[in-house]
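Visitor: coords below, sequence missing:
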């Protein structure tokens, strides 16, 4: 588990920018479980963060100097960047996109429900999970940023939704969001039995953010031709040297289950549709953003520690 002493704040001068680059001032920093995986020296979809190097994560910022005519000063951009109050981007930086906030909408929502969180939920649920009206959707880490969004947009599409959470407080949160059932895995000795009660005919789509023992328990409860969208494995991140061995993978064959990991930006062809639907659901009141907000650049480490300790509800964001 990360600790405060694992981090240090370093002050440097502002970097110069080359032709085609832009200098960005961070406005909202995203604190995500995936960052924990970037801190281990092992292969991932992002190159590991070296010792003494800045941590990397999604960020929303304002262009304050530009040598790229497509990104003039004042442009708001979202991109994968460093945990720095200022950073340099280019037009080919990973995940870079312009942000055009709607009047009356807080900027931080474009790093949450109306940004990477919402897009991840949409892609995982509908592109990977192929969820359809009337189906039963199960979500792990359901009170978290992505999980709480998945549950709400599944309901908006006419699905029945069950959420797995780690406390009675979180169970009440997702019930208030409209989930049909909430299971506190810490309060039951047999999570599989509780899921079976909530989904007596089985689970059509499992949106998994946890992995490990939870995944092992769910696979035998999947329906024929069920789908598992693997978004993350937060249950494994703090002990990557001792991964849990899932013993029920044979169920993939028995019930012809499709299980697939995904990265949102691998599916650019659906992001415009996803964004339009997310915007509409928020406007209609069908999608309520959940945010755990901190203020000040120096709060990033503690915000990350709290997230990885399971003490947060909704999307953890730091406003600068």
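Guide: Yep, it's here. This structure is a prediction, so every number in the text was calculated from the model and none was measured.
Visitor: in a strand, that's where residue 163 is, yeah?
Guide: Yes. Assignment of residue 163 by DSSP: H, G, I helix; E, B strand; the rest coil places it within a strand.
Visitor: wait, it touches residue 142, no?
Guide: Yes. Under the criterion of C-beta atoms under 8 Å, residue 163 makes contact with residue 142 at 2.9 Å. C-beta here means a position set from N, CA and C on the backbone, and glycine is covered the same way.
Visitor: which neighbours do these two share?
Guide: Counting by C-beta atoms under 8 Å, 6 or more residues apart in numbering, the contacts common to residue 163 and residue 142 are 151, 174, 179, 182.
Visitor: list the contacts of the second one.
Guide: Under the criterion of C-beta under 8 Å, 6+ apart, the contact list for residue 174 reads 142-143, 148, 151, 163, 165, 182.
Visitor: so it, which of the three states?
Guide: helix.
Visitor: residue 230 and residue 263 touch, don't they?
Guide: No. Applying C-beta under 8 Å, one finds residue 230 not in contact with residue 263, separated by 10.7 Å.
Visitor: A strand includes residue 57, no?
Guide: Yes. Looking at residue 57 with three-state DSSP, it is inside a strand.
Visitor: okay, and the beta partners of it?
Guide: Beta-bridge partners of residue 57, counted by DSSP bridges, are residue 81.
Visitor: tally up the residues packed near it, please.
Guide: When neighbours are counted by other C-beta atoms under 10 Å, residue 57 registers 21.
Visitor: which strands or helices does the helix or strand harbouring residue 150 pack on?
Guide: Residue 150 is located in helix 145-156, with elements delineated by DSSP states H and E. Applying 3 or more C-beta pairs under 8 Å, 6 or more residues apart in numbering; DSSP states H and E, one finds that helix 145-156 contacts helix 116-122, strand 136-139, strand 160-165, helix 168-176, strand 203-208, helix 271-284.
Visitor: next structured bit after the longest one?
Guide: Read it as helix 271-284. By DSSP H and E, the next helix or strand past helix 271-284 is strand 291-295.
Visitor: and that next one with helix 145-156, angle?
Guide: Going by axes from the mean of the first three to the mean of the last three C-alpha atoms, to 10 degrees, strand 291-295 is angled at 150 degrees with respect to helix 145-156.
Visitor: was I right to think residue 22 contacts residue 61?
Guide: No. In this structure, residue 22 is not within contact of residue 61 by C-beta under 8 Å, at 9.5 Å.
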